[in-house]
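Asker: Generate coordinates for the sequence data below:
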Amino acid sequence: MQSFRTELENPVVQKDILELANKIELFQNGKIDEEKFRSLRLARGIYGQRQEGVQMIRIKLPYGKVLSHQLRRIAEVSDEYSRSRLHITTRQDIQIHYVDINRTPELWAELERDDVTIREACGNTVRNVTASETAGIDTNEPFDVSPYADALFKFFLRNSVCQEMGRKFKVSFSASDEDTGLSYMHDLGFIAKIENEVKGFKVMLGGGLGSQPRHADLFYEFLPSDKIIPLMEGVLRVFDRYGERKSRAKARLKFLIKDLGLDAFKVLVEEEQNAIEFKSVTIDTSNYKVSKPVSVTAPNVEIKNTEAYNLWKSTNVIPQKQEGYVAIGIKVLLGDFYTDKARLLADLVEHYAAGELRLSLRQNILIPFVKEDLLPFFYVELEKLGFVEAGYNKAVDITACPGTDTCNLGIASSTGIAEELERVIKTEYPQYLENSDLMIKISGCMNACGQHNMANIGFQGMSIRTKDKLVAPALQVLLGGGNLGNGNAYFADKVVKIPSRRGPDALRRILNDFEANAEGKQFVDYYKEKGEKYFYHLLTDLSDTENLTQEDFIDWGTEEQYVKAIGIGECAGVVIDLIATLFLESDEKIEESKEAYSNKVYSSAIYEAYRSMVNSAKAILLSENISTNTQAGIISQFDELFVETKKIELGTSFSDLIYQIKVFPPTKDFANNYINAAEQFLKSVRAFRDTQVVA
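Answerer: Model prediction:
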């Protein structure tokens, strides 16, 4: 095993990192199947990149909070292991690219020295818990949601219930009814509420974007805050058991809810509460570390361009509920910035604010707790860094995923077209520098990492084929999406597909029409009034492929002729269907179960034993070429094909044996009995497998 400095305070983290190093070595020596290894590394934030032989590392920053010393550590890691560039995602993470996989354990260890993790930033896990970047300072919030987001993140990190689900799971917290956490597009979305002096949340369930966006259902109008963790555990357990595992395209929670129905799903979640250890989890907000602003005297500075300064103040300065303080929004073009600026920014907020930054869902940076009399000083200092561009969270502030720059799934450039559209707005429509009612988002493919299908004006990367079978980069134009607040929203309509090079012309037509005819309406209302057909007729001639020029075959940001090249998507992990690997995993899970039992974490011990039994049953089904796509399906098929036919004798049905997990509370005695049952079951199916092999 490679050697590197791993002396960390947390032995769980240290063990995790050493295990990753070991698995990398085993994989490179041909002792771990590629599919299995991919699933493991994704759950450790290590994602295959479009460029062969290097990885993207996703750094998990719950609700976008990053302290000065953490940002400096991330900068050091990017300098040492990457290319000194940081990318802010639409889920408040930071990504670095071009990392050698052999150095990822060492990289992870360095991050953990400042309590920064990459664990479960990718893969079939609970992804980063996001929140309104203004949480804790929002003038409209009933209370600060940060401690609740933090507690939920910590409770489910490394939690056995959500390590190998059929698909990823996304959670958000909104500070107020403005719903800036975008609850309606998450698997679970929480909106802060107070009823009868009790803090709690409106709960939205089963939202999602991608190729088939779905508006979340209202799950609870009000849920007390001590019930959000038990509720989420119940949802995860049901999703893990009944969620699709064969067809990745149908494996998100939104499809399961569509199949079962909301009422039936809610019953299943309520049934799980019997087996959940903690029926109520009170979140102690008094132990949450709130950043304290420093007390400094404002240095004397000279503002050279008062007009630019006043514009910046009008678009980038946000009032705080704390008297005498404001927050400063930094518009970060496409979410990309470099480590030299990151260090200087970290020093600035440490010495003159509260030593804290928030990364936003629109790929920007927010500096909270800036004394109002320090605004001129901050402007001068941020100007030195190139961080005073006006238009924070305004129309000119376009969101875009990395697209074909680095992503395996990118079909067309999103960053190149985003830069061009921002240039068009700045130079031709300067009035939109202060417009917060128009939101433009771009994704390089249908997976919607750029959130294009929730934007007022969205663009999705595609390709287009001419009659001569030539392929050019294209954009699907989507219009009419918008956040209405309090869990309500519209998703955008697909209006027309055009060659990418005509994207700026499409934007000009849309804005010109809006300027001429909207009569003061917001764009989302104007679009609903006019309708999809109106805008189709406005733009349809741009879709003509009969008159393409040579330039149309060159995507934005490149000089080479376009080639459609899509790699293997990894954002949801993969399903492992090798019998031997499944049996080995069953062994591992029983060992993990016993370890949890010895540590008196009985709920985890029981769940690992459950996973062992599901794995073992799946292995035998696959050995008979029987397709499976859910855990519940595996259990019922195993009974039908092996227990009822008496091919395998268990003394009871497999369903009765394994479903004890949702009947009994997680006591020491039950955990011990359940682990023994899992061991005996594995012996039985292995014995049956031996007879198959001999035959």
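Asker: Pretty sure residue 630 sits against residue 243.
Answerer: Yes. At 6.4 Å, residue 630 counts as touching residue 243 under the criterion of CB atoms under 8 Å. All C-beta atoms are positioned from the backbone trio N, CA, C, and that covers glycine.
Asker: so residue 692 makes contact with residue 621?
Answerer: No. The pair residue 692 / residue 621 is not scored as a contact, 11.9 Å apart, by CB under 8 Å.
Asker: Mind jotting down where the strands sit in the stretch 301-450 of the chain?
Answerer: Ranges of strands within the stretch 301-450 of the chain are 317-319, 325-330, 336-338, 356-359, 365-371, 399-400, 440-443, based on DSSP state E, counting those that start in this stretch.
Asker: To clarify, my last question referred to the stretch 451-600 of the chain.
Answerer: Counting by DSSP E, counting those that start in this stretch, the strands of the stretch 451-600 of the chain are 457-465, 471-479, 482-485, 488-490, 493-499.
Asker: So what does the nearest residue in space to residue 511 that is not next to it in sequence have for phi and psi?
Answerer: Take residue 511 and drop its neighbours on the chain: the residue closest to it by CB to CB, 6 or more residues apart in numbering is residue 429, 5.8 Å away. Backbone torsions for residue 429, taken as degrees, to the nearest 10, come to phi -130, psi 60.
Asker: I'd like to know how far residue 429 sits from residue 507.
Answerer: Distance, residue 429 to residue 507, by CB to CB, to the nearest Å: 9 Å.
Asker: ok, now which ones touch residue 104?
Answerer: 20, 24, 41, 44, 46, 55, 57 (CB atoms under 8 Å, 6 or more residues apart in numbering).
Asker: Not counting residues beside it along the chain, what's closest to residue 418?
Answerer: residue 400 (3.9 Å).
Asker: hmm, I was thinking of residue 380
Answerer: residue 301 (4.5 Å).
Asker: ok, that neighbour - how many residues close by?
Answerer: 13 (other CB atoms under 10 Å).
Asker: OK, contacts around it?
Answerer: 376-377, 379-380.
Asker: overlap in contacts of residue 630 and residue 243?
Answerer: With CB under 8 Å, 6+ apart, residue 630 and residue 243 have common neighbours residue 166.
Asker: More neighbours: those two, which one.
Answerer: Comparing residue 630 with residue 243 by other CB under 10 Å, the one with more neighbours is residue 243, at 24 against 19.
Asker: mind listing what residue 153 touches?
Answerer: By CB under 8 Å, 6+ apart, residue 153 lies in contact with 62-63, 128-129.
Asker: And for residue 492?
Answerer: Contacts of residue 492 (CB under 8 Å, 6+ apart): 452-456, 458, 478-481.
Asker: Restricted to buried residues, select these in ChimeraX.
Answerer: The buried subset of the contacts of residue 492, as determined by 16 or more other CB atoms under 10 Å, is captured in ChimeraX by this line:
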select :452,453,454,455,456,458,478,479,480,481
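Asker: Kindly reformat the contacts of residue 492 as a markdown table and extend each row with pLDDT.
Answerer: As requested, these are exported to a markdown table (pLDDT from 0 to 100):
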| residue | pLDDT |
| --- | --- |
| 452 | 92 |
| 453 | 92 |
| 454 | 92 |
| 455 | 93 |
| 456 | 95 |
| 458 | 95 |
| 478 | 97 |
| 479 | 97 |
| 480 | 97 |
| 481 | 95 |
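Asker: and which of the contacts of residue 492 is nearest to residue 236?
Answerer: residue 454 (24.3 Å; CB to CB).
Asker: now the residue lying closest to the closest one once chain neighbours are set aside: how far from residue 438?
Answerer: Spatial nearest neighbour of residue 454, excluding adjacent residues (CB to CB, 6+ apart): residue 481 at 4.6 Å. Between residue 481 and residue 438 the computed distance is 11 Å (CB to CB).
Asker: same check, this time on residue 140
Answerer: 21 Å.
Asker: Show me the shaky parts of this protein.
Answerer: Within the chain, the ranges that satisfy pLDDT under 70 run 1-7, 408, 564-578, 693-695.
Asker: count of residues packed around the nearest residue to residue 642 once chain neighbours are set aside?
Answerer: Distances taken as CB to CB, 6+ apart put residue 648 closest to residue 642, at 4.4 Å, once the chain neighbours are dropped. The tally of other residues near residue 648 (other CB under 10 Å) stands at 18.
Asker: Secondary structure class of residue 58, three-state.
Answerer: Applying DSSP: H, G, I helix; E, B strand; the rest coil to residue 58 yields a three-state assignment of strand.
Asker: Kindly state the beta-bridge partners for it.
Answerer: residue 95 (DSSP bridges).
Asker: can you tell me which residues contact it?
Answerer: Counting by CB under 8 Å, 6+ apart, residue 58 makes contact with 45, 47, 89, 93-95, 118, 121-122.
Asker: make it 6 Å
Answerer: Contacts for residue 58 were tallied using CB atoms under 6 Å, 6 or more residues apart in numbering; they are 45, 93, 95, 121-122.
Asker: now, which of the residues you listed lie within strands?
Answerer: Residues of the contacts of residue 58 located in strands (DSSP state E): residue 95.
Asker: between the contacts of residue 58, which is nearest residue 349?
Answerer: Nearest to residue 349 among the contacts of residue 58, with distances taken as CB to CB, is residue 93, at 19.4 Å.
Asker: how many other residues sit next to that closest one?
Answerer: Using other CB under 10 Å, residue 93 is surrounded by 24 other residues.
Asker: Let me know whether it touches residue 127 as I believe.
Answerer: No. Residue 93 lies out of contact with residue 127 (CB atoms under 6 Å); the separation is 8.5 Å.
Asker: Okay, domains of this protein per the record?
Answerer: With domains defined by automatic domain parsing, the chain comprises 11-112, 130-287, 306-384, 399-553, 579-694.
Asker: how about those domains, which one is nearest residue 561?
Answerer: domain 399-553 (5.3 Å).
Asker: end-to-end on the closest one?
Answerer: End-to-end distance of domain 399-553 (CA to CA, to the nearest Å): 24 Å.
Asker: centre of the chain versus it, how much separation?
Answerer: Relative to its parent chain, domain 399-553 has a centroid offset of 23 Å by CA atoms, centre = their mean, to the nearest Å.
Asker: The nearest residue to residue 107 once chain neighbours are set aside: what's it in contact with?
Answerer: What sits nearest to residue 107 in space, not counting adjacent residues and going by CB to CB, 6+ apart, is residue 81, at 4.7 Å. Residue 81 makes contact with 99, 103, 107, according to CB under 6 Å, 6+ apart.
Asker: Any chance of the residues you listed in CSV with neighbour count and secondary structure as columns?
Answerer: Shown next, in CSV, are these (neighbours: other CB atoms under 10 Å; DSSP: H, G, I helix; E, B strand; the rest coil):
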residue, neighbour count, secondary structure
99, 21, strand
103, 18, helix
107, 26, helix
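Asker: possible to save these as JSON lines with distance to residue 351?
Answerer: Listed next are those as JSON lines, based on distance: CB to CB, whole Å:
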{"residue": "99", "distance to residue 351": "31"}
{"residue": "103", "distance to residue 351": "33"}
{"residue": "107", "distance to residue 351": "28"}
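Asker: can I get the CA coordinates of stretch 614-632 in CSV?
Answerer: Output of stretch 614-632 as CSV, limited to C-alpha atoms (Å, rounded to 0.1, in the frame of the first residue of the first chain):
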residue,chain,number,x,y,z
VAL,A,614,-30.2,-8.8,0.0
ASN,A,615,-26.8,-9.2,-1.7
SER,A,616,-26.7,-12.9,-1.1
ALA,A,617,-30.2,-13.4,-2.4
LYS,A,618,-29.4,-11.3,-5.5
ALA,A,619,-26.3,-13.4,-6.2
ILE,A,620,-28.3,-16.6,-6.3
LEU,A,621,-31.0,-15.1,-8.5
LEU,A,622,-28.3,-13.8,-10.9
SER,A,623,-26.7,-17.3,-11.0
GLU,A,624,-30.0,-18.5,-12.5
ASN,A,625,-30.1,-15.6,-15.0
ILE,A,626,-33.0,-14.0,-13.2
SER,A,627,-33.1,-10.2,-13.6
THR,A,628,-33.8,-8.1,-10.5
ASN,A,629,-34.4,-4.4,-10.2
THR,A,630,-35.4,-3.6,-6.6
GLN,A,631,-34.5,-5.0,-3.2
ALA,A,632,-38.2,-5.8,-2.5
